[in-house]
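Asks: just a sequence and a predicted model for now, questions to come.
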Amino acid sequence: MPGRVLGGCNVPLSKDIRTVQMRILELEAEHRELDQVIEEITAAVVVDELAIRRLKKRKLQIKDQMALLSSQLNPNEPA
């Protein structure tokens, strides 16, 4: 009997969960790095407002991706 699958793929659920968990960790690390870059740019004598806006937008995208992946790991409704 085949194992459960996530997202209609033929990959076992446990492997998908590990993959999603790893992706979340990667996104969290990138999110922290962007925080540091934003702080450094903000502290600079000449502030690059465009760069800051772009970095903040990327941070929001990462946060949205983390939320989506987390919701796949912990769905609100039972299957």
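Replies: Yep, that arrived.

Asks: name the element Leu27 belongs to?
Replies: Using DSSP states H and E, the element containing Leu27 is helix 13-43.

Asks: list the buried residues in the first helix or strand past that helix going along the chain.
Replies: The helix or strand immediately downstream of helix 13-43 is helix 49-73, counting by DSSP H and E. Across helix 49-73, burial judged by 16 or more other Cβ atoms under 10 Å covers 55, 59, 62, 65-66, 69. Bear in mind the C-beta positions are built from the backbone N, C-alpha and C, glycine included.

Asks: just checking, what packs against helix 49-73?
Replies: helix 13-43 (3 or more Cβ pairs under 8 Å, 6 or more residues apart in numbering; DSSP states H and E).

Asks: give me the angle between the helix it packs on and helix 49-73.
Replies: 160 degrees (axes from the mean of the first three to the mean of the last three Cα atoms, to 10 degrees).

Asks: check the offset of helix 13-43 from the chain's centre.
Replies: Taking Cα atoms, centre = their mean, to the nearest Å, one finds helix 13-43 lying 6 Å from the centre of the chain it belongs to.
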